[in-house]
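*Asks:* after the sequence you'll find the predicted model.
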Amino acid sequence: MKRGDKVLSAIFLLLLSLTILVYTLRYCRPQNGLSVEVRSDGVLIKEIELNKNLTEEILIEYKNGKNIILIEEGRVAVISADCPDKDCIKRGWLKYKGDSSICLPNHLSIRLKGEAEVDAVTF
Amino acid sequence: MTLRKIILSSLFVSLALVFNLIEGLLPFPMPGVKLGTANVFALSALVMMGTREAFMVTILRVFLALLITGNFFSFFCAITGGLLATVTMVLLYTKLEKYFSLSWISVAGAWAFNLGQTLVASFVVGDFRLMYYLLPLLVIGTISGWIVGKLAETLCIRLEHLK
Amino acid sequence: MKLKIKNIVLKNYKSILIFLVAIVLLISWLKTISPKSIKVEQESYKLGTIVRLTLYGADREKLERVMENAMSEISRYEGLFSVNIRTSEISKINSGEQSIVSEETVRIITDSLKYAEDTNGAFDPTIGAIVKLWGIGTESARLPEKIEVDALLPYVGYKKVCLTKDMVIIGENQSLDLGGIAKGWIADRLAENIKKEGISSALIDLGGNIAVVGKAPQNRAWRLGLQHPKSPRGRYFAVIDAIDTSVVTSGPYERYFEENGVIYHHIFDPSSGHPSNSDLESVTIISKNSAEADALCTAFFIMGEKKSIEFLNLHKNIQAVLVVKNCERAIITERLKKSFTIKDPAIRVDVIGEKDETR
């Protein structure tokens, strides 16, 4: 190994440990009260709260296209998309807070959010 | 430009394109993750011919992929990432060659690619929390970048006689 | 010299690496053990609804003591003001058994009369007989005959209530019901006490009637969802960032019964004795004074969109969100613009004074 290689491999090890750290911290958190947030061009177009018993197929229509998402057992997946690369479908199930699926061609992002969204609801 | 260079670089462009398209058919666990085998040819072009050819292979390959797939978003990600990666690799290879071996130059290129790709994706989607993906992308990019570098090294040795 | 440093760095890259990783681990560890604010939360069924108090602070014992006090205060107030408790002071005033009452009862009635005056009787604490007749929210809920309602209507009228320093005298056959103000008023007293105890961060949720003390932990504003009028309980159509204030919402979806396909809800119009036939789906008031917020959101619902907006134009210190019929539109006051975030994209947001909100 040349000198520069060593520097780069050191950076790599640092990145690796950082990634492991970030992801373990993330997955150790309790998972409840998730909600799924759908944004087109960064603008919120739909927000659905998840719970274990909710099973729903939802058609999302927006200015760039159409996607169908499936909600089941507290998780979400995109099951149909009218974009060319279908990356969002390949992404599979979103289960944890912060998980997201992005349909780049359609400027769509689907993200799971944790329960800290509001402190209370007034009714 | 000599005839030999013209033939070699057009061969590299077409091979890069084919590998690029085949990769697109393979399933990967995360969006944006790719082996980046097309980069083998950009890197080999850099080693065997020079800076100009490396850029040529990258830019032509990305444009041709756009013509075939029609996917503008992959194109924007790839052109930004690809140019950043090529600039990085060219600088390291031409200026700091004695400090870096080819596979690690390739790794640095992969990092630059990941950075460009995530920036463009965040910008397009309008959600900069996407940058969160950069970390795992960089880790995977290191591994695939290193493999790509080794492949390019092998290719260059095998094609030594064509130089 | 420069080269030397470079060499040292390169020779010792392994130890430098270990050092860096150690720092990262140390920081993340420190973050988990650093003195966080302790949270004490308690939920309980009081005031005919679910009451939830959340207190934040550094001293657990103190938080628990304050919590216990607050919960027993709620029960004490309920024992004074509830029409469902026969021995409450309000019940005794209504039955004519007693007219000398505690200072607190005088205070809440004084405040009630003030808001009744302000809203021209849209909010009226003497609606008791009508509320009892319909019985909405109880097992004896029923649709009364028109004659029954008309017979009781003359006894509704806050102007007949007389007050002295320790006495409440109501008109003949009148009946007080503080359901439209009590939760807010109690929330104000709780917030005062909590502040007096030196607790700087607390959330008081008395069945959706919310008052917040200070800021939420991590120095952010409290985020309060506003119930979506057409969705199940807990789904909100908008979020309000609140610091040291109170947010109260009223809507017909809260309590109602259905007969022959018609929905009869619990917000009565004092002028008709029937559930208010409002052109609003819900009203949210944001005010430092929770009693005011509570009374006004009931009144606004009865007054309807046009009169509420007129009221808001006259009283610029009151912030409000009005959702108009069919949930197509939410009207908000101008000062609310910064702290209001719409979550249901189907609802258009108009700001009073910016567009032709009165149509």
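*Replies:* Perfect, thanks for sending it.
*Asks:* got a list of what the residue of the stretch 201-350 of chain C found nearest chain B touches?
*Replies:* Closest to chain B within the stretch 201-350 of chain C is C:P345: 15.4 Å, counting by Cβ to the nearest Cβ. C-beta here means a position set from N, CA and C on the backbone, and glycine is covered the same way. By Cβ atoms under 8 Å, 6 or more residues apart in numbering or on different chains, C:P345 lies in contact with A:43-46.
*Asks:* what of B:A110?
*Replies:* Neighbour list for B:A110: B:36, B:39, B:85, B:141-142, B:144-145, B:148 [criterion: Cβ under 8 Å, 6+ apart].
*Asks:* what about 7 Å?
*Replies:* By Cβ atoms under 7 Å, 6 or more residues apart in numbering or on different chains, B:A110 lies in contact with B:36, B:85, B:141-142, B:144-145.
*Asks:* pull up the gap between the residue nearest the centre of chain A and A:I45, please.
*Replies:* By Cα atoms, centre = their mean, chain A has its centre lying nearest to A:S100, at 1.3 Å. Using Cβ to Cβ, to the nearest Å, we find A:S100 at a distance of 15 Å from A:I45.
*Asks:* hang on, the earlier thing: are any of the contacts of C:P345 buried, and which?
*Replies:* A:45-46 (16 or more other Cβ atoms under 10 Å in any protein chain shown).
*Asks:* considering only the contacts of C:P345, which also neighbour chain C?
*Replies:* Among these, the residues lying close to chain C (Cβ under 7 Å from any Cβ of the partner chain) are A:44-45.
*Asks:* count of residues packed around whatever residue of chain B ends up closest to chain C?
*Replies:* Chain C sits closest to B:Y99 of chain B, with a gap of 9.6 Å, by Cβ to the nearest Cβ. Counted with other Cβ atoms under 10 Å in any protein chain shown, the neighbours of B:Y99 add up to 17.
*Asks:* so it versus B:G109, what's the distance?
*Replies:* Going from B:Y99 to B:G109 by Cβ to Cβ gives 15 Å.
*Asks:* where exactly do the strands run in chain A?
*Replies:* A:35-40, A:43-49, A:56-62, A:65-72, A:75-81, A:100-103, A:108-113, A:120-122 (DSSP state E).
*Asks:* in JSON lines: the ones you listed, plus distance to C:N317.
*Replies:* Supplementary listing: the strands of chain A in JSON lines, determined by distance: least, Cβ to Cβ, whole Å:
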{"stretch": "strand A:35-40", "distance to C:N317": "34"}
{"stretch": "strand A:43-49", "distance to C:N317": "31"}
{"stretch": "strand A:56-62", "distance to C:N317": "40"}
{"stretch": "strand A:65-72", "distance to C:N317": "43"}
{"stretch": "strand A:75-81", "distance to C:N317": "44"}
{"stretch": "strand A:100-103", "distance to C:N317": "42"}
{"stretch": "strand A:108-113", "distance to C:N317": "34"}
{"stretch": "strand A:120-122", "distance to C:N317": "19"}
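*Asks:* name the stretch among the ones you listed that sits most buried.
*Replies:* Looking across these with neighbours counted as mean count of other Cβ atoms under 10 Å in any protein chain shown, the highest average goes to strand A:100-103: a mean of 26.
*Asks:* counting by contacts, list what that strand packs against.
*Replies:* Identification of packing neighbours for strand A:100-103 by 3 or more Cβ pairs under 7 Å, 6 or more residues apart in numbering or on different chains; DSSP states H and E yields helix A:87-90, strand A:108-113.
*Asks:* of all those, which lies closest to B:M131?
*Replies:* strand A:108-113 (12.8 Å; Cβ to Cβ).
*Asks:* any stretches of chain A with poor pLDDT?
*Replies:* Judged against pLDDT under 70, the low-scoring parts of chain A cover residues A:26-33, A:41-42, A:97-98, A:114-117.
*Asks:* in CSV, list the C-alpha atoms belonging to the helix or strand in which C:D205 is found.
*Replies:* Assigned by DSSP states H and E, C:D205 belongs to strand C:201-206. Output in CSV follows, covering the C-alpha atoms of strand C:201-206 (Å, rounded to 0.1, in the frame of the first residue of the first chain):
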residue,chain,number,x,y,z
SER,C,201,-41.9,23.1,30.7
ALA,C,202,-45.3,21.4,30.9
LEU,C,203,-48.2,20.2,28.7
ILE,C,204,-51.7,20.3,30.2
ASP,C,205,-54.2,18.3,28.1
LEU,C,206,-57.7,18.3,29.5
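*Asks:* which element follows it toward the C-terminus?
*Replies:* As assigned by DSSP H and E, the chain's next helix or strand after strand C:201-206 is strand C:209-214.
*Asks:* ok, how many other residues are close to the closest residue to C:I347 other than its chain neighbours?
*Replies:* Nearest non-adjacent residue to C:I347, counting by Cβ to Cβ, 6 or more residues apart in numbering or on different chains: C:A330, 5.1 Å away. Neighbourhood size, C:A330 [other Cβ under 10 Å]: 23.
*Asks:* need the residues of chain A near chain C, please.
*Replies:* A:3, A:6-7, A:10, A:13-14, A:17-18, A:21, A:25, A:44-45, A:47, A:117-123.
*Asks:* ok so B:T58 is a strand residue?
*Replies:* No - with DSSP: H, G, I helix; E, B strand; the rest coil as the criterion, B:T58 is helix rather than part of a strand.
*Asks:* you'd agree it is up against B:A42?
*Replies:* Yes - the pair B:T58 and B:A42 passes the contact test of Cβ atoms under 7 Å, sitting 4.8 Å apart.
*Asks:* okay, and the common contacts of these two?
*Replies:* Residues touching both B:T58 and B:A42 (Cβ under 7 Å, 6+ apart) are B:T86.
*Asks:* C:L176 versus the residue sitting nearest the centre point of chain C, what's the distance?
*Replies:* Geometric centre of chain C, nearest residue: C:N209, 2.3 Å, by Cα atoms, centre = their mean. Relative to C:L176, C:N209 is positioned 19 Å away (Cβ to Cβ).
*Asks:* show me which positions of the top helix by length along chain A end up buried.
*Replies:* The longest helix of chain A (DSSP state H) is helix A:3-28. By 16+ other Cβ under 10 Å, the buried positions in helix A:3-28 come out as A:3-13, A:15-19, A:21.
*Asks:* ok, stretch C:89-107 next?
*Replies:* Buried residues in stretch C:89-107, counted by 16+ other Cβ under 10 Å: C:89-94, C:101, C:104-106.
*Asks:* give me the mean pLDDT for that stretch.
*Replies:* Average pLDDT, stretch C:89-107: 92.
*Asks:* sorry, back to before: show me the contacts for the residue nearest to C:I347.
*Replies:* Counting by Cβ under 7 Å, 6+ apart, C:A330 makes contact with C:238, C:321-323, C:342, C:347, C:349.
*Asks:* run the last query once more with 6 Å
*Replies:* With contacts defined as Cβ atoms under 6 Å, 6 or more residues apart in numbering or on different chains, C:A330 is in contact with C:321, C:323, C:347, C:349.
*Asks:* which of the residues you listed tops the neighbour count?
*Replies:* C:V323 (27 neighbours).
*Asks:* ranges for the helices of chain B?
*Replies:* For chain B, the helices defined by DSSP H cover B:3-25, B:38-48, B:51-69, B:72-95, B:102-125, B:134-158.
*Asks:* about what we covered before: please produce a markdown table containing the contacts of C:P345, extended by distance to chain B.
*Replies:* Below are the contacts of C:P345 laid out as a markdown table (distance: Cβ to the nearest Cβ, whole Å):
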| residue | distance to chain B |
| --- | --- |
| A:V43 | 8 |
| A:L44 | 11 |
| A:I45 | 12 |
| A:K46 | 15 |
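*Asks:* alright, calling it a day.
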